[in-house]
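Peer 1: Build the 3D model from these lines:
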Amino acid sequence: MDMESSRIKVSVTINAPISKVWEYYKSPEHNIIWNTGHPSWHTPHAEIDLHEGGKFLFRMEARDGSAGFDFIGTYTKVVEHELIHFVMEDGREAEVIFRQDSDQVMLTEVFDPENMNSRELQQSGWQGILDNFKNYVENN
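Peer 2: Residues are numbered from 1 along each chain as shown. Below is the predicted model:
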């Protein structure tokens, strides 16, 4: 299996201008509100230094305190309103692609899967976060 076909892809179409989508995606104060794939989890802390070589850290925790982890990485390419490429702490890579189409934005994330959880669980988790982001942007 080649590297491209082993990657996981999730996407949403957001009814909002690209400037708002970009701002809400890159801002820690927004991120701590929308960055969850399931209501039983939340992101109590976010750090985002969005430029090539900058780092991010998202503290993800179960609301009941039973589990938590830091999602950490480094931005390797940033093109405003178009692309964010990053490398996660474990070496996996991901791309976030912003494509404006009239008054909507297609947001696509493509990432290397990890080996601890099934592809289906990873895809549904990342899709859940994107769905939550779409809802947050459209309603705030």
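Peer 1: Assign Arg59 to helix, strand or coil.
Peer 2: strand (DSSP: H, G, I helix; E, B strand; the rest coil).
Peer 1: That one contacts His45, correct?
Peer 2: Yes. Using Cβ atoms under 8 Å, Arg59 makes contact with His45 at a distance of 4.0 Å. Where C-beta positions appear, they are placed from N, C-alpha and C, glycine not excepted.
Peer 1: And these two? Which one has more around it.
Peer 2: Set side by side, Arg59 and His45 show more neighbours around Arg59, with 17 against 14, by other Cβ atoms under 10 Å.
Peer 1: Now do the helices in the chain.
Peer 2: Here the chain has its helices, by DSSP state H, at 3-6, 18-26, 28-34, 119-139.
Peer 1: want to try CSV for those helices, with distance to Glu109 as columns?
Peer 2: CSV is the format used below for the helices of the chain (distance: least, Cβ to Cβ, whole Å):
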stretch, distance to Glu109
helix 3-6, 15
helix 18-26, 10
helix 28-34, 14
helix 119-139, 6
